[in-house]
Structure formats: C-alpha cells, structure tokens
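[1] Kindly return the folded structure for what I paste below:
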Amino acid sequence: MHDERTLLEERLNRTLKERIRPALYGESVPLTLEVWNAPDEPVPVAEALAAQYVPAQVGDSWGPPWGTSWFRMSGRVPDTWRDKQVEAVIDLGFTHPGPGFQAEGLAYTPDGVPIKGIEPRNTYIPVDGDEVLFYLEAAGNPTILDFHPFLPTQLGDKETAGTDPLYKILRADLAVFQPEVWHLILDIEVLQGLMKELQDHDPRRHKILRALDKAMDRLDVQNVAASGSYARDALVHVLSLKASASAHKISAVGHAHIDSAWLWPLRETVRKCARTFSNVTALMDQYPDFVFACSQAQQYAWMKEHHPHVFDRIKAKVANGQFVPVGGMWVESDTNMPGGEAMARQLVHGKRFFLDEFGVETFEVWLPDSFGYSAALPQLIKLSGSRWFLTQKLSWNQINKFPHHTFWWEGIDGTRIFTHFPPVDTYNSSLSGEELARASRQFAEHADASRSLVPFGYGDGGGGPTREMMETAHRVADLEGSPTVTVEAPLKFFATAEEEYPNAPVWAGELYLEKHRATYTTQAKTKQGNRRSEHLLREAEHWCTAAALNGFDYPYEQLDALWKTVLLHQFHDILPGSSIAWVHREAEETYARVATELDGITSAAISSLAGPGESEVVFDVLGDRQRGAFVDGHEGVLDNGILRVTVDRHGLLTSIYDYQSGREIIAPSGAGNLPQLHADTPNQWDAWDIDPFYRNSKADLVPDDRLDGGPGIVVQQKFGASTMTQRISLREGSRQVDFETEVDWHECEKLLKIAFPLDLRAEASTAETQFGHLHRPIHTNTSWENAKFEICAHRWLHVGEPGFGVAIVNDSTYGHDVTRTTRPDGGTTTTVRLSLLRAPRFPDPETDQGEHRFRYSLVVGGIPEAIDAGYRINLPPRVVRGSSAVEPLVTLDNPAVRVEAVKLADDRSGDVVVRLYEAHGGRAHASLRTSFPFTRIQETDLLERPLGDLSGDLTLRPFQVITLRITPEGKS
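    So this is what the prediction gives:
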C-alpha cells in the first residue's frame, strides 16, 4: 500500500481549521449594545445595573488597563429559530489564545444574578426564551505574560499602566449553535490526538487515519452542518473500540488553579473566582457526572462576602458531591518561607472553613504549583487530620527528573504521607491525546501501580473546565489505545491508589524544586513584612492570653482577621515576590497596617498586665534574658573578652577571634560581612529564577569609609547607583557579632549577597525550617546536590565541625548559599552567603528599588545557640512603664523543647492552647509548668480537637510537634 499518511493528515488539518470549526455557529443576528464605563475600581453589580448606559457597537474600543466596562446586551431570537439551540456569542477583543491572561467578563441577569464567565475558548452565554437581556461586566485586564514573555512592562500597576484602551469588542451576536458540527469537531480532535501519540507501526494508528479520511470524504464542505452527522458515522467504529485490560487508569478531576494574586491584583482574583465558579456550577447542571476540585478557603470566603449568589450555588454543589473542597489550606501557600506556626495556621484556617461552611473534612493537601515543599510538611499534614499530598511543580525541575509519581513522603520527624505527583506534567490539562499518552508513558510505577490523577481545566488565571473537556472525557473513558479515564473526586483516587500501592517507595526530606530559587529573595519588603507579622502575631496572642486570664477581653475576631490577612499574603506568588508591582505595593501597605494593629493589640494587653506605675517592666515572650551594653569601637577593634572583631582601615572585617576556643573565625585572607554583586540575568522567569551562571560574574564591594568612636563600627560605600551603610556591633557578654545593613538600592539585574568565609570544614549546612531544621550536604558529588546552589533557611543557618560551629541568624532573609574550597595551606574555607537584594525587570520592572534595612548576626556556637539567637533577633523584648512584673505563662525545663505559640482556644472555651516542638533533633524529656492553675491537659491535633489526656511531663521524638489544650481552674 502506498504511504499517503502525510497527505491525509494535511487534508484533515486544513479541513478542520478552515471548514469545520468556522461552521460551529450558523445564522446570527447582532445584539444591541450599550456601555457604561466604571470610573475607577470595580463596583457592586447593583450600582452597575443602575448606571446610565450609552449606545455602543461592535468595533468600539474599551478597556483602559485594569478598567471595567459594563455592557448591556439585548436582542430578540428570530421566530424561525424557535426549535434551534441559540447562544449569545461574545468576543471582547481577545488577543491571546489562553483564558485568564487578558480581557474576560461575567454575565449577569437583569436581577444581578451571575450567569457564567466569558473568556477565550468559552465565549457563549446560553439563551432561554425569545427576549434576551443581560449585563456583561468586562474586565480590561492587560496581557502581562505575552507572546514574547518576560519583557519589562509598566502594565503591572494601575498607577503606571496608562489609560489608552486595550481592546475592541469584536463580536456580540445571537447565533444558532450547530450540535452535530460541535460533536464532529470533538470526535476528530480526540481521534487525531490519539493517533499522533500511537507508534507508526501500530495498526490502530492507521485505522484511525483511514476512518478520519472517510469522514472527510463524506463531509460536504459547503454545508458542514447538514453533512456532519453523516461524516460522524464513519468514526463510530474506531470510537467504540475498548481500551486494553492493562491500560493505565486516569482519574480526571475538574480543576481551575486560580492564583490568588500574580499578574493581577487581589481584587481581580475575587472576580476571576466568580467567573470560574459560575462557569463550573453551570457546567455541573449540564453534566451530572462532572466533578470539580477546588482548594483555597480564602477564595470561597471571597465568594461568601462579595458574590453570595455564587456561594449559594457552590454550597448546593458541595452538598451533591460535584464541587469538592480540597487542600485544607487558607491559600495554596509557599511552603519554603512561612514560619512553623503560620504553616500550621494555613491548615487550621483552611480545614476549619470547610468544616464550618460545608461540614466537609478535607483529607488531601493540594499544592500543585508551589515552588518546592518543606520537609516539615508531612508532620503538619498528619496533625491537621489529613492523609494525602498532591503536587505538580516537580515536573519543572531543571536538572534531575524526580524518580517517583506515587510515593510516601517522609518529613524531618519521620512522619510519612502518601503523595502523588501526576505524570501528566500539568495541572491545566484539556484531556488531549498528547496529555493522556504522556501521563501513561511517564508514569514511573507501572510495575506495581496502575493509576494516576489528571487535573483538567483552564487555570492560573481561572476559567476551569469546559463542556468540550467533558465531552472529551466521555469519548476517552474507554477507548482503544488510550488510558481509561474516569471523572471522579480526588478522595476516590487517593483511597484507591493507596490501597493498591501501600508499599510505594519513600522519599525522605524536602521536595526541593530545581527552579525558581530566586523566590527566596525577590521583593525583600514583602518577605520582611511576612516575617515581622508572624512574630508580632505570636506576641499579640501570648500577651492577650496572659491578660485574658486576668479578665482582659481576648480579641478573637481581630486576631482571626489578621491571621487570615497574613496567610493570604503567603500565597505562592505573593510571598515569593513573583507578582506584578501592584500586588507588592499593596502588600507593603497591608503589612504596615497589620503591624500597627498588632502593636495596638499587644500594647493594650501589656498595659493591662503592667498596671499603673513608673517602674520599668520587661515583657519578653522568650522569658528573662540579659542583654549587655554595646562595646565601643577603637581603631577598628571591638573586644568584649569573648570575641575580638577587627575591621581594617578599608572597612573590611578581617578577623573574628574566639577566645574560648582559641580559634579565628574568618578564613585566612578573607573578609567577613563582604558585600558581593553579581550580574543576574536568568534565561527566563526573571523574578523567579537564579541560574547557576550568575556565579561567573562577581564584584567584591570594598567600603569607602570606616567610622570608629561610638557603639560599634560603621562602614560606608557606594557602588553603581546605590549606597550602603553597615554597622558592626558587639555586646558585652556576647558570643555574637551583630550587623545592621542599610541599602539604598538602584541597580538593574543585579544580585547582592553578603559573604562570610569561615575557617572551618563543614560537611553539611543546617538550616532552620518549620518546627526544626534539615541538613544539606555542601559537596556537589551528584547532580542532586549540585542543583541546590541556592537554598532556603528561616531564622538561622549553621555550619560546623565536631565541637565547633558558626551560625548566621537573620530577621528577614531566606536565600542562602554555602560552598567549600580548599586553600593552598591545606585548610578548608566554608563560605556562607546571604542573598539580600535582586533587581529583576519582570513582572515588576522596579523590583526592590529604594531603601532597605537588614539585620543579621554571626553566632559562635552550636545548633542550640543558633536556635536561641534566631528567636532573639526576631522577638526583641518590650519595655513599658508599670508596676507589675509578669511571670511567664508556660515554662519548660529542657531548652530542646521550644514553645512556638500560646493562645486561647478557638472555640472560646477559655482553654489555653500551647504549641511546642523538639528543636534540637533528638529525643527530649521536659516538664511543663504554668503560671496559672489548671485542671486538665489534653493533647490535640492542629485544629485543637482532643486526642487524649496528658500530664505535664512530656517525651518528644526528634522534631515532634505537640499541641496542648490546658483547661484553667474554674473553666469547665
């Protein structure tokens, strides 16, 4: 037989593109258009319905960047269409094939009830009845990530985006929908997609092509609608053949990953959710087997507040099992940088919202798109009452292919969580033949497991699944040559997958993403705001609890709202610094408001405890601590008899001598606290990425001046268009050198690091993470270690030899790197560097420009000393005037067991909740004492649900987290 495959495939492609798809709609009549342009920010629907509209027409410009235009669209269905399916078809001037990244709209009835969203690939509004009238809220969202991505743009902030219209309305018609043409398109697309994935020698591939060619023979291209059914008949046989018994099984889950902020501000995400959730709830009416999984309790809360009609529809669909809450977190947060208590509260607030609003306990933690996953997560997932974990992002690894798709993930304490990493390599699948084949081909567990999960639906900017995707799911449910596909809830997938594969392989430690490493550093003020807010919340809860035990009114609602604000801003494109300028400008303002409110709350509680008087009273959540006076600097030397710090005449820190060990800390010929500037031009994803070649270009920044004579030593320097002032300080009685660095930063595509070359040989670096720490090898023996050239640490990072070590602690820095070199003298230099500032151009071209202040310290000692110093630099004591000293609420007799939170129980019973953990990485025994009498101690899960009674004598395994619920005397 002659090989005509290429010819036939070309015929099919052209016919589908030029003849069949354009025939989807038949006759059409224009809608009558009127428009009202909202003057500034979006308005409630009632205000828009009452506005004064003016005539408009197709071709009119609309939509200044971030503006809103309301279109009133009206018409009448012609009498001759009475027995036909009629739809309103809207094109707002779409410029990009993907939904969620450009103009979009939400249609409302004249009564203000949402109908559905309008986006590219989902442009219709159903019509029921002869008279048509609806209102379309059209959002003029600019395309930030364009066909030429990562180009700098001023469109990312309403203040710089300009006012020229971005769009022209291109279509607003009533049109006759042609169902047979639509089904023909879907038949062809499914078979064509499957065919392309089959091997050339596979008979199935050839039979599909022959059937498609016969369908083209039957099609009258001058009257596609009339001949569509006849053409489809040629495809019935090849679509009816069943999948093989050993075919891979896919659980398809409707999904719309909606970034809570990214290339749009928070306020726009509220509208994106309304559009998407209106779409999917409408689709559920059309397809009773459609199941949609949705995470992020914050987005449900937005609907409850801003779109009650949509929320009511969600509640109804949750009740019938089609709309499925998943994730159990307030938002899909970053997991590298949030503190331990914040990570716990993500799960507490997320799961509690779903329980309170829907009576649903979620069991799946759902984080498809976050930029790596902390090794502390498995324990927290289990303590929240959840069982399973899903991520997709590991498919983005630059260097190493992750070896498993279904596995047990083991955390720092030994907890294991059943985890799935979908082999389809997307969380925005359209269930195409290519995607389904990829899922089957890449699945790593074929020998012992048979199933994987595919999230389908347009995402990132929302949109969700479409009717075309559901029709595709039906066609590929049981189709020869394809995996089988069942639309079902994630819980069904996980329960079956775990039962099938209980002995899945184990991955221990963090799930490090070999990409987006710059997210530990970009947008420094966002990160500072997060760190400060976390610690202010700890203080506020602690002192309000102490005061409440003495009659103070505990501010439940205010603290709850502030926690949710901080949790929202830990979303994986806000805290990592990868959003547009608008988002980070607002975040800085929000963090300032949070700090003001929390300072007010804490001050009120402390005042009630301190009482009247003029004595100096210290309030310290860490307990009583002594802080010596600063040592004066003389001729570049600070000496407290414990450490001697030397800064040479150039302003370089050349020596830190430790009297106790008799060791020099700084490596020979090295300089500590050395600013280093790198060219920083990643290949893509500017705000997200640091590529390894940044290390090929480095400039050591030598100070211009050294100022002696006061507390500490000040060094100053200018570089490029920027200036830096650093104060080096030492306190009496301290084995810690403090650094305060102020930078007026005006660089472009540069990375600023601070280097500490240390005279020690460390095999591993130890970095604080949530409720513990993890060790990372410093060597680069394998590609896995080599890929970790930038790492995340919380309040401290430690390196050491047996019996001697050094930690760098910080008040707001997360990005670090640690390297090791051998010197000519045979000694080893281990260099620890903090990443302070970047200056990427996308998506915010002004990233980090302006004034910054950083505090960090070098601490001589082991991991226990690093833990103490990390707490101290982030939780300074408060000194007020009063008459009453305050006894600590809770004390423990073992420094290895640390208290992370003290608060009143969320159920307002008056019980005191204490969260503590083993911090040193070993087994620990501790006795708990309280400053108040109590009648009962219970261990609880993170949601404060009792697990059993305890005494005050505790035994903890390494890094174990325990939540205690203590009933004060007099409380029932």
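
[2] From now on I want contacts and neighbour counts done on CA atoms only, so please keep to that.
    Will do.

[3] Please spell out the segments of this structure that come in under the pLDDT threshold.
    1, 972 (pLDDT under 70).

[4] Tell me which residue is most central in it.
    residue 572 (2.0 Å; Cα atoms, centre = their mean).

[5] For the closest residue to that residue other than its chain neighbours, what are phi and psi?
    Leaving out its chain neighbours, the residue that sits closest to residue 572 by Cα to Cα, 6 or more residues apart in numbering is residue 334, at 4.3 Å. In this entry, residue 334 is assigned phi and psi values of phi -60, psi 150 (degrees, to the nearest 10).

[6] Just give me the neighbour total for residue 334.
    Summarising burial for residue 334: neighbours were counted as other Cα atoms under 10 Å, giving 25.

[7] Over to residue 808?
    Residues within reach of residue 808, counting by other Cα under 10 Å, total 25.

[8] quick one: strands adjacent to the host helix or strand of it?
    Assigning secondary structure by DSSP states H and E places residue 808 in strand 804-810. Note on strand 804-810: by DSSP bridges, its sheet partners are strand 796-801 (antiparallel), strand 850-860 (antiparallel).

[9] Just name the most buried of the ones you listed.
    The highest mean neighbour count among these, using mean count of other Cα atoms under 10 Å, belongs to strand 796-801: a mean of 25.

[10] now that strand: how far from the chain's centre is it?
    Offset of strand 796-801 from its chain centre (Cα atoms, centre = their mean, to the nearest Å): 28 Å.

[11] Any chance you could list what contacts it?
    Contacts made with strand 796-801 from outside it, assessed by Cα atoms under 8 Å, 6 or more residues apart in numbering, are listed as 760-768, 805-810, 862-863, 866-867, 870.

[12] let's go with 7 Å and repeat that
    Contact partners of strand 796-801, identified using Cα atoms under 7 Å, 6 or more residues apart in numbering, comprise 760-762, 764-768, 805-810, 863, 866, 870.

[13] Equivalent analysis for stretch 94-106, please.
    The list of residues contacting stretch 94-106 from outside it, by Cα under 7 Å, 6+ apart, reads 92, 114, 116-120, 136-143, 275, 458, 460-463.

[14] hmm, try it at 8 Å
    Contacts with stretch 94-106, where a contact means Cα under 8 Å, 6+ apart, come from 92-93, 114-121, 136-147, 167, 263, 272, 274-275, 458-463.

[15] Next one: the residue nearest to residue 572 from residue 179, what distance?
    Residue 334 sits 44 Å away from residue 179, taking Cα to Cα, to the nearest Å as the criterion.

[16] could you pull out the helices for the stretch 701-850 of the chain?
    Under the criterion DSSP state H, counting those that start in this stretch, the stretch 701-850 of the chain contains helices at 783-786.

[17] hang on, I meant the stretch 251-400 of the chain
    Applying DSSP H, counting those that start in this stretch to the stretch 251-400 of the chain gives helices spanning 266-286, 297-306, 308-319, 340-358, 377-383.

[18] could these go into CSV alongside mean neighbour count?
    Written out in CSV, the entries for the helices of the stretch 251-400 of the chain read as follows (neighbours: other Cα atoms under 10 Å):
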stretch, mean neighbour count
helix 266-286, 22
helix 297-306, 19
helix 308-319, 17
helix 340-358, 21
helix 377-383, 24
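
[19] Could you dump those into TSV with distance to residue 561 added?
    Converted to TSV, the helices of the stretch 251-400 of the chain look like this (distance: least, Cα to Cα, whole Å):
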stretch	distance to residue 561
helix 266-286	16
helix 297-306	12
helix 308-319	20
helix 340-358	11
helix 377-383	22
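
[20] Out of those, flag the one nearest residue 29.
    Proximity of the helices of the stretch 251-400 of the chain to residue 29 was assessed by Cα to Cα; the nearest stretch is helix 266-286, lying at 24.5 Å.

[21] ok, now which ones touch residue 449?
    Contact criterion Cα under 8 Å, 6+ apart gives 497, 500-501 as the residues in contact with residue 449.

[22] burial count for residue 159?
    Applying other Cα under 10 Å, we find 12 residues neighbouring residue 159.

[23] For it, give its distance to residue 396.
    Relative to residue 396, residue 159 is positioned 34 Å away (Cα to Cα).

[24] quick one, the biggest helix by length in the chain and helix 266-286 angle?
    Ranked by residue count, the top helix of the chain under DSSP state H comes out as helix 581-610. Comparing the axes of helix 581-610 and helix 266-286 via axes from the mean of the first three to the mean of the last three Cα atoms, to 10 degrees yields an angle of 100 degrees.

[25] distance of the residue nearest to the centre of the chain from residue 422?
    Applying Cα to Cα, one obtains 20 Å for the distance of residue 572 from residue 422.

[26] hang on, the earlier thing: got the strands paired with strand 804-810 as CSV, with distance to residue 375 columns?
    Shown next, in CSV, are the strands paired with strand 804-810 (distance: least, Cα to Cα, whole Å):
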stretch, distance to residue 375
strand 796-801, 16
strand 850-860, 25
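
[27] Which of those sits closest to residue 616?
    Nearest of the strands paired with strand 804-810 to residue 616, taken as Cα to Cα: strand 850-860 at 26.3 Å.

[28] Give the buried residues for the following helix or strand past the closest one.
    Using DSSP H and E, the helix or strand that follows strand 850-860 in sequence is helix 863-874. Within helix 863-874, the residues that qualify as buried are 863, 865-874, counting by 16 or more other Cα atoms under 10 Å.

[29] List the contacts of helix 863-874.
    Residues external to helix 863-874 that are found in contact with it (Cα under 8 Å, 6+ apart): 532, 535, 622, 795-798, 807-811, 856, 859, 896, 919-920.

[30] Could you give the separation of the very next helix or strand once past it from the chain centroid?
    Scanning forward in sequence from helix 863-874 by DSSP H and E, the next helix or strand is strand 878-882. The chain centroid and the centroid of strand 878-882 are separated by 39 Å, computed with Cα atoms, centre = their mean.

[31] Same check on stretch 537-544?
    Shown here is stretch 537-544, whose average C-alpha point lies 26 Å from the average C-alpha point of the whole chain (Cα atoms, centre = their mean).

[32] now stretch 694-707
    A distance of 34 Å separates the centroid of the chain from that of stretch 694-707, by Cα atoms, centre = their mean.

[33] again with stretch 740-753
    Relative to where its chain is centred, stretch 740-753 has its mean C-alpha point 26 Å off (Cα atoms, centre = their mean).

[34] One more: stretch 587-599?
    21 Å.

[35] List the buried residues in it.
    For stretch 587-599, a neighbour-count test (16+ other Cα under 10 Å) marks 587-588, 590-591, 594-595, 597-599 as buried.

[36] surely residue 472 meets residue 186?
    Yes: taking contacts as Cα atoms under 8 Å, residue 472 lies within contact range of residue 186: 6.8 Å.

[37] more neighbours, those two?
    residue 472 (21 against 17).

[38] could you say what helices and strands the helix or strand that one falls within packs with?
    In this structure, residue 472 is located in helix 467-475 according to DSSP H and E. Contacting helix 467-475 under the criterion 3 or more Cα pairs under 8 Å, 6 or more residues apart in numbering; DSSP states H and E are the following elements: helix 179-197, strand 484-487.

[39] Going along the chain from the longest one, find the next helix or strand for me.
    Looking back up the chat, that one is helix 179-197. helix 203-218.

[40] can you pull the buried residues of that next one?
    For helix 203-218, by 16+ other Cα under 10 Å, it's 204-206, 208-216, 218.

[41] need the next SSE after that helix, C-terminal direction.
    Next helix or strand after helix 203-218 toward the C-terminus (DSSP H and E): helix 224-233.

[42] Compute the first-to-last residue distance for stretch 665-676.
    OK, stretch 665-676 end separation, Cα to Cα: 19 Å.

[43] Ok, stretch 45-60 next?
    23 Å.

[44] what bridges to the closest residue to residue 613 other than its chain neighbours?
    Nearest in space to residue 613, with sequence neighbours left out and distances taken as Cα to Cα, 6+ apart, is residue 882 at 4.1 Å. Beta-bridge pairing of residue 882, defined through DSSP bridges, involves residue 615.
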